[in-house]
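Novice: Quick one: sequence plus predicted model below, questions after.
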Amino acid sequence: SSDLEFCFHHNVELSFIYSLKDSGIIEIVLVDEKIFLPTSQLAQLEKLTRLYYEMGINMEGIETITHLLNRMASMQQEIIRLSNSLNRFED
């Protein structure tokens, strides 16, 4: 998805996308001097756009929320791993 297409469709400032990139929250790809967002990150960008524009959460808040959500996802994966290990011992 082209950054300009996303920005136009969602009424998002290009500077917001660059701020997310600079914070390491999203990746953008340069192809033939055009900037693209990997399709795998589109849902993430849409969520972050809602946080910023609809809920008024600033970049620092978005960075914190993203960090905490990533930690939660890691913890959930660890719980699944530990649960699977425990299940092997119980069988």
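Specialist: It's in. What you see is a predicted model, and the numbers here were worked out from it, not measured in a lab. Numbers count the residues shown, from 1 in each chain.

Novice: would Ile35 count as being in a helix?
Specialist: No - applying DSSP: H, G, I helix; E, B strand; the rest coil, one finds Ile35 to be strand, outside a helix.

Novice: ok, how many other residues are close to it?
Specialist: 15 (other C-beta atoms under 10 Å). (C-beta placed from N, C-alpha, C; glycine too.)

Novice: So what touches stretch 42-53?
Specialist: 1, 6, 10-12, 16-17, 20, 25-26, 37, 57-59, 61-62, 65-66 (C-beta atoms under 8 Å, 6 or more residues apart in numbering).

Novice: Now do the buried residues in that stretch.
Specialist: Under the neighbour-count criterion of 16 or more other C-beta atoms under 10 Å, stretch 42-53 has Gln44, Leu45, Leu48, Thr49, Leu51, Tyr52 buried.

Novice: three-state assignment of the fifth one?
Specialist: I take that to be Leu51. Classification of Leu51 by three-state DSSP places it in helix.

Novice: From Asn58, how far off is it?
Specialist: The gap separating Leu51 from Asn58 is 9 Å, by C-beta to C-beta, to the nearest Å.

Novice: what does the third one give?
Specialist: Plainly put, Leu48 is 12 Å away from Asn58 if you go by C-beta to C-beta.

Novice: cool, and the second one?
Specialist: In this structure, Leu45 lies at 17 Å from Asn58, with C-beta to C-beta as the measure.
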